[in-house]
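Q: All I have is the shape, not the residue letters:
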């Protein structure tokens, strides 16, 4: 029985350096076709460098990258008409009017989308005659997305697609990205918004210090099998050694991660006895809880446990 189509993106053993600094360290991942895939990581994790290599802006120092089966550097001319790229910032001339820029990009493609329809859909019609430099951050992002998809790409790379947008514009952008997936377009995005990744992504790759540290669907990453989480928030900083002390009192089946000086995350068996033992530990160690919340892990919990860092813009 023949297999399905090749993945849209294959990154195999990618190494990228800036001088002596290793930005991407033997990274391997794949992106399946007609999916939304989120690449998450703290600042400096290597996300943007990886995407820029996939887009053909950088040549791998080691390893192999293929996009739609093509080498993004050696076969760039064949690949460019088939991809769209939304940069996190820039991509338009400072003095050009928004709709002029969109129409210019559309004319570079053989079968572009209707620019008036696209501008109306993304809320650009009202600012179409405004110079790019005078657009708000959210308007610049919407124009960048329109420029990335106007050429009907097979795959689109979007870097922080909703940064600076108001809630309504974010929802409009989400709906458009979901429609692209429904039309068979592959979407690869980076984002600092966990709710965005959970809402949109079929698959998530988490990278840190240039390496892949976790991969899966949002459900696979957060469900934790039969485990639940307890988020303990206290009124004053924890005593030194609290995570190890609490872990010792709960046993080997439980993980304890300190999120900040006033909160701990406990991941363990989903039963009432774990909650009771946490309460007893608080009493024995003179720790006054402000809140003690039992629930399932969310993506932010997973990210903090894996990297020990917030995903802050």
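A: Arrived safely, thanks for sending. Fair warning: this is a prediction, and the values are worked out from it, not measured in the lab. Numbering: from 1, shown residues only.
Q: OK, contacts around the nearest residue to residue 305 once chain neighbours are set aside?
A: In space, and not counting its chain neighbours, residue 305 is closest to residue 257: 4.9 Å by Cβ to Cβ, 6 or more residues apart in numbering. C-beta coordinates here come from the backbone N, C-alpha and C atoms, glycine included. Neighbour list for residue 257: 243, 264-265, 267, 304-305, 308 [criterion: Cβ atoms under 8 Å, 6 or more residues apart in numbering].
Q: 7 Å instead, please
A: Residues in contact with residue 257 (Cβ atoms under 7 Å, 6 or more residues apart in numbering) are 264-265, 304-305.
Q: Serialize those residues to CSV and add fields for distance to residue 44, neighbour count and secondary structure.
A: CSV is the format used below for the contacts of residue 257 (distance: Cβ to Cβ, whole Å; neighbours: other Cβ atoms under 10 Å; DSSP: H, G, I helix; E, B strand; the rest coil):
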residue, distance to residue 44, neighbour count, secondary structure
264, 26, 21, strand
265, 23, 20, strand
304, 17, 19, helix
305, 19, 18, helix
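Q: which of these lies closest to residue 38?
A: residue 304 (16.4 Å; Cβ to Cβ).
Q: My understanding was that the closest one contacts residue 259; is that so?
A: Yes. Using Cβ atoms under 7 Å as the test, residue 304 is close enough to residue 259 to be in contact (5.6 Å).
Q: which residues of the chain fall in helices?
A: With helices called from DSSP state H, the chain shows them at 47-54, 76-79, 98-107, 115-121, 137-149, 167-182, 194-200, 218-223, 242-250, 272-284, 299-307.
Q: contact partners of the longest one?
A: By Cβ under 7 Å, 6+ apart, the surrounding residues in contact with helix 167-182 are 34-36, 121-123, 138, 142, 145, 149, 156, 161-162, 165, 187, 199-200.
Q: Identify the residue spatially nearest to residue 215, adjacent ones excluded.
A: Per Cβ to Cβ, 6+ apart, closest to residue 215 is residue 205, 5.0 Å.
Q: give me every residue that touches the one you found.
A: So residue 205 contacts 29, 37, 39, 212, 215 (Cβ under 7 Å, 6+ apart).
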